[in-house]
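1. pasting the sequence and the predicted coordinates here, then a few questions.
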Amino acid sequence: MPFHSGQGYHLRDFHMHLVSDATGETVIASARACVAQFDGVRPIEHFWNLVRTQRQLNLALEGISEKPGIVIYTLVDRELRASLESTDPEGPVGLSGFGKQGAARAPAYDERGVFQPSGRHGLCHVAG
């Protein structure tokens, strides 16, 4: 539903669902960077963080079906990704560099992917 921004034009609201198997930091920052490229839009953000089981994904899918919109995700688990991708004929947007795409790119950097949720934010053991 558009509204007057006070700057002489109308903004168009849309629902944006951000699905992550971790804290959501990456998907949130990436989605906001994408939205910033467009004038006249305002996302209504719905966060689905720490989605690591089919049950948790089903809850997110219920929310998505209640308020349809753009779905952007970072999910490491192949089965969860496949489940999410199969629910929308136009397909949700997976962030490049994660999951299948990341596996394909890893050899180019001579690195092996860890492919675990929150892999970047692991806990460090400090010997005392």
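-> Yep, it's here.

2. now residue 61: how far from residue 12?
-> Residue 61 is 25 Å from residue 12, where distance means C-beta to C-beta, to the nearest Å. C-beta: built from backbone N, CA, C; applies to glycine.

3. neighbouring contacts of the longest strand along the chain?
-> When the chain is parsed with DSSP state E, its longest strand is strand 10-20. Contacting residues not belonging to strand 10-20 are listed as 1-5, 24, 26-28, 31, 35, 40-51, 57, 60, 63-64, 67-75, 84, 92 [C-beta atoms under 8 Å, 6 or more residues apart in numbering].

4. which ones among those map onto helices?
-> Applying DSSP state H to the contacts of strand 10-20, the entries found in helices are 26, 27, 28, 31, 35, 57, 60, 63, 64, 84.

5. now do the residue nearest to the third one when sequence neighbours are not counted, the pLDDT please.
-> Sequence neighbours aside, residue 18 is the residue nearest to residue 28 in space, at 5.7 Å (criterion: C-beta to C-beta, 6 or more residues apart in numbering). On pLDDT, residue 18 comes in at 94.
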